[in-house]
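Participant: Sequence unavailable; structure follows:
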């Protein structure tokens with residue numbers, strides 16, 4: 001039966017385990033915390049009870065690069081959408097690059113200090129705090145899966161209470177103001193035919209960028225004037241649930257005009273293929289610069305929510321149309337509309353109230 005042993009000189013705990021060859025091995029747990037060492041002991045005793053191989057009766061080291069490649073090609077590819085897989089691949093590729101710079105080769109070398117260094121390295125590359133935080137989330141998920149798969153015996157990035165040892169960067173949240181009809185016209189006038197259609201249809205449907213990119217003609221019901229946002233072999237919705245969007249008359253007219261000229265199964269495509277996500281963002285960025293606007297493509301989705309809100313539609317209806325799984329997410333979309341708040345305050349009835357400049361204010 002596995003047992004704990006404390007080195008009285010250093011205070012570090014060791015785990016005594018019996019290997020498959022019958023020999024006993026004394027393995028350092030690299031901790032002076034009894035509760036943490038006890039937790040490892042419980043995990044090892046559970047393996048013995050279930051008849052599983054001892055955690056320590058396996059190759060000593062697992063390479064970071066090999067584990068990341070296995071994680072991406074196996075778990076991520078099987079369980080995540082293509083867009084999410086693309087983000088994970090990009091983030092973990094950068095992490096692999098940094099580990100090579102720091103000469104960290106083994107998975108056991110990942111530590112809070114290593115991730116703090118990664119944050120500094122990415123900051124030096126002028127990467128935004130929000131993007132660095134997304135990368136940290138992806139790295140955390142990879143380590144958590146390694147612990148779940150018993151590749152690591154504990155999570156080096158979490159303390160005993162389960163809290164992250166690596167703090168996130170403070171993000172500068174930019175206020176999102178909805179685009180006006182005039183703003184959308186500027187964008188449309190600065191775009192070519194395909195992008196005119198993308199901008200107006202998105203403004204009138206509130207679809208996400210990935211939903212626009214992977215929208216198929218088979219998902220458009222022209223007779224009932226509806227767009228079905230559904231999962232297919234190349235795309236998975238953010239919530240993994242399908243939804244139906246009622247098509248605005250102008251959006252319906254645009255799609256009807258495009259349909260006879262279609263070149264493939266995707267609605268907004270170049271040569272029948274969906275536009276690559278990075279190219280899509282770059283092309284929109286060029287359009288908004290020509291229009292002399294400071295915004296990104298996602299603002300069109302916020303503007304759709306704003307228009308519904310201004311038409312006094314309920315938050316519940318807006319939630320359904322946007323495809324949010326939680327109503328609190330929808331409320332976040334509606335909280336930044338300063339113009340609406342100003343108008344709301346201005347509608348307060350002040351008839352009968354008077355103010356004289358001579359009134360003293362104490």
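Facilitator: It's in. Quick caveat, the model's predicted, so the values are computed rather than measured.

Participant: switch to C-alpha atoms for all contacts and neighbour counts from now on
Facilitator: Noted.

Participant: Assess the claim that residue 108 and residue 29 are in contact.
Facilitator: No. Counting by CA atoms under 8 Å, residue 108 stays clear of residue 29, with 11.8 Å between them.

Participant: residues bridging contact with these two, i.e. touching both?
Facilitator: When contacts are counted by CA atoms under 8 Å, 6 or more residues apart in numbering, residue 108 and residue 29 are jointly contacted by no residue.

Participant: State the distance from the residue nearest to residue 121 when sequence neighbours are not counted to residue 118.
Facilitator: Using CA to CA, 6 or more residues apart in numbering and skipping the chain neighbours, the partner closest in space to residue 121 is residue 98 (7.9 Å). According to CA to CA, to the nearest Å, residue 98 stands 7 Å off from residue 118.

Participant: Name the SS class of residue 244, please.
Facilitator: strand (DSSP: H, G, I helix; E, B strand; the rest coil).

Participant: For the closest residue to it other than its chain neighbours, give me its contacts.
Facilitator: Once flanking residues are discounted, residue 244 sits nearest to residue 228: 4.6 Å by CA to CA, 6+ apart. In this structure, residue 228 makes contact with 219, 220, 221, 242, 243, 244, 245, judged by CA under 8 Å, 6+ apart.

Participant: at 6 Å instead, please
Facilitator: 219, 243, 244 (CA atoms under 6 Å, 6 or more residues apart in numbering).

Participant: How many neighbouring residues does the residue nearest to residue 121 have?
Facilitator: For residue 98, the number of neighbouring residues by other CA atoms under 10 Å comes to 18.

Participant: Residue 227 should be in a helix, yeah?
Facilitator: No. Residue 227 is assigned strand when assessed by three-state DSSP, not a helix.

Participant: So which of the contacts of residue 228 is the closest to residue 40?
Facilitator: When the contacts of residue 228 are ranked by distance to residue 40 (CA to CA), residue 243 comes first, at 45.2 Å.

Participant: Leaving out sequence neighbours, find the closest residue to the closest one.
Facilitator: Distance criterion CA to CA, 6+ apart; nearest residue to residue 243, sequence neighbours excluded, is residue 229 at 5.3 Å.

Participant: cool, and residue 139?
Facilitator: If you skip the residues right next to it in sequence, residue 139 has residue 92 as its closest partner in space, 6.9 Å away by CA to CA, 6+ apart.
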